[in-house]
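Student: Just to be clear, the model below is a prediction. Sequence and coordinates:
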Amino acid sequence: MDFKLVGRDAKSSARAGKLTTEHGEIETPIFMPVGTAGTVKAVHQRELKDDIKAQIILGNTYHLYLRPGIDILEKAGGLHQFNGWDKPILTDSGGYQVYSLSARRKLTEEGVTFQSHIDGSRHKFTPERVMEIQRSIGADIIMAFDECTPYPCDYQYAEKSLEMTNHWLDRCFDHLKTVPPLYGYQQSLFPIVQGSTFRDLRIKSAEYVASKGADGNAIGGLSVGEPHEMMYEMTALVCNILPQDKPRYLMGVGTPANILESIALGIDMFDCVMPTRNGRNGMLFTSSGIINIKNEKWKDDFSQIDEDGPVFVDSQYSKAYLRHLFSAKEMLGSMIASVHNLGFYLWLVKEAREHIIHGDFSAWKDLMVPKLMNRR
């Protein structure tokens with residue numbers, strides 16, 4: 001994997017770059033649609049490529065391990081072959097899913113024993129096993145196995161968790177050397193910075209992660225309930241420590257405004273289920289604010305979804321028609337909303353990139369953020 005910076009903003013830490021993998025190039029800043037179980041919910045592959053212009057998508061180790069299973073993925077030749085996506089893929093290690101299943105898992109220094117949310121069967125993830133699973137899935141970028149601490153948590157818990165995450169990181173790197181790639185191309189392991197909202201722990205974690213010299217680095221354990229100001233503070237702190245010449249991935253973030261503010265702090269890569277999850281519930285992101293399409297005010301509004309912005313779905317889909325689809329509980333409503341929201345997120349980061357390169361990102365960002373937060 002190769003990463004080159006092609007532009008910087010003079011008034012912030014925003015960067016524009018180009019990340020090259022063996023499945024293609026990714027222009028950063030980038031938003032990555034979440035395809036947890038090998039598919040981005042309610043979105044066709046052709047829409048991802050042609051309408052949304054996605055350059056990379058995500059899969060999830062926990063979910064793909066449980067279903068369809070590693071044997072099926074290996075027989076298919078990896079996730080790229082299984083789902084027909086010929087561009088880059090990133091897989092989350094499953095650490096966040098284990099965190100979210102706190103009532104169904106047991107955590108030790110060795111690893112995590114958990115119950116499947118599908119059938120209650122018991123399984124064990126260790127750093128070594130997670131590396132093997134991600135080799136079988138075959139993503140271009142794979143994540144280290146870590147513990148995502150809850151918010152809030154006390155200092156002692158966060159400190160102990162970070163020590164374990166660092167030990168697990170060592171084991172991930174060590175084991176990956178013994179398990180070669182399966183499908184003829186290289187995979188890049190990204191470590192994850194943890195430490196909750198404690199400055200000294202975040203600094204310690206970022207310094208340890210930076211020392212590994214990985215192809216890229218991630219920041220985890222944020223956007224889990226802490227105030228946005230605290231998320232930005234921790235992000236800025238960590239970005240000042242992580243290498244300048246490697247991509248930085250802020251995991252699970254977030255709203256359009258969050259993304260622009262985090263780009264200004266030096267983040268290059270984002271993912272979040274918000275565009276599709278909120279879209280399936282009738283919430284649309286537009287260039288002039290947030291719309292709840294289920295509201296009665298849209299029932300006779302025949303303008304396009306984002307009347308002041310770009311079009312990501314056929315222009316005949318008006319607000320009134322989309323509201324009708326949600327009222328009638330037609331699946332097409334969720335599909336249109338999901339494509340629109342993902343298209344908007346990809347458009348937003350592309351616009352950010354162009355403004356970084358042209359040298360006016362900060363001024364543009366300051367104008368955009370209030371609009372994006374507006375409730376229409």
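Tutor: Ah, there it is. Since we're looking at a predicted model, the values are computed, not measured.

Student: and the closest residue in space to Leu332 that isn't next to it in sequence, what does it touch?
Tutor: Leaving aside its chain neighbours, Leu332 sits nearest to Leu325 (5.4 Å; criterion: C-beta to C-beta, 6 or more residues apart in numbering). Glycine gets a C-beta too; all of them are placed from N, C-alpha and C. Applying C-beta atoms under 8 Å, 6 or more residues apart in numbering to Leu325 gives the contacts 332-333, 336.

Student: tell me, what residue is most central in this structure?
Tutor: By C-alpha atoms, centre = their mean, the chain has its centre lying nearest to Asp271, at 1.8 Å.

Student: Surely that residue is in contact with Thr36?
Tutor: No. With contact defined as C-beta atoms under 8 Å, Asp271 does not count as touching Thr36 (10.4 Å).

Student: The helix or strand where the residue nearest to Leu332 lies: which residues count as buried?
Tutor: Using DSSP states H and E, the element containing Leu325 is helix 319-327. For helix 319-327, a neighbour-count test (16 or more other C-beta atoms under 10 Å) marks 319, 321-323, 325-326 as buried.

Student: What residues of stretch 169-186 count as buried?
Tutor: In stretch 169-186, counting by 16+ other C-beta under 10 Å, buried: 169, 171-173, 175-176, 182-183.

Student: Please flag which of these sit within helices.
Tutor: Of the buried residues of stretch 169-186, the ones assigned to helices by DSSP state H are 169, 171-173, 175-176.

Student: quick one on the thing from earlier: between the contacts of Leu325, which sits nearest Ala144?
Tutor: Ile336 (36.9 Å; C-beta to C-beta).

Student: So the closest one versus Leu342, what's the distance?
Tutor: 11 Å (C-beta to C-beta, to the nearest Å).

Student: same thing with Glu351?
Tutor: From Glu351 to Leu342 the distance is 15 Å (C-beta to C-beta).

Student: repeat for Arg202
Tutor: In terms of C-beta to C-beta, Arg202 sits 30 Å off from Leu342.

Student: Same check on Gly35?
Tutor: Taking C-beta to C-beta, one finds Gly35 at 11 Å from Leu342.

Student: Next: Val253.
Tutor: 15 Å.

Student: Neighbour count for the two, which is higher?
Tutor: Leu342 (27 against 22; other C-beta atoms under 10 Å).

Student: tell me which element that one is part of?
Tutor: Assigned by DSSP H and E, Leu342 falls in helix 331-358.

Student: What of Phe3?
Tutor: strand 2-8.

Student: Give me the helices and strands touching whichever helix or strand comes after that strand, please.
Tutor: Beyond strand 2-8 in the direction of the C-terminus, DSSP H and E gives the next helix or strand as strand 15-21. When contacts are defined as 3 or more C-beta pairs under 8 Å, 6 or more residues apart in numbering; DSSP states H and E, strand 15-21 sits against strand 2-8, strand 24-28, helix 331-358.

Student: ok and whatever helix or strand comes next after the longest one relative to strand 15-21, angle-wise?
Tutor: Remark: after helix 331-358, the chain's next helix or strand is helix 361-373, criterion DSSP H and E. Here the directions of helix 361-373 and strand 15-21 differ by 80 degrees (axes from the mean of the first three to the mean of the last three C-alpha atoms, to 10 degrees).

Student: what's the spacing between Pro180 and Ala139?
Tutor: With the distance defined as C-beta to C-beta, Pro180 ends up 15 Å from Ala139.

Student: again with Gln45
Tutor: For Gln45 relative to Ala139 (C-beta to C-beta), the value is 16 Å.

Student: and if you look at Ala337?
Tutor: The value you get for Ala337 to Ala139, if C-beta to C-beta is used, is 27 Å.

Student: And the contacts of the helix or strand where Leu237 lies?
Tutor: Leu237 belongs to helix 228-239 when assigned by DSSP H and E. Contacts with helix 228-239, where a contact means C-beta under 8 Å, 6+ apart, come from 13, 193, 195, 197, 199, 202-203, 205-206, 219, 222-223, 248, 250, 253-254, 258, 261-262, 265-267.

Student: Could you do stretch 174-190 as well?
Tutor: By C-beta under 8 Å, 6+ apart, stretch 174-190 touches 1, 21-23, 74, 77-78, 80, 127-128, 131-132, 134-136, 138-144, 172-173, 214-218, 249.
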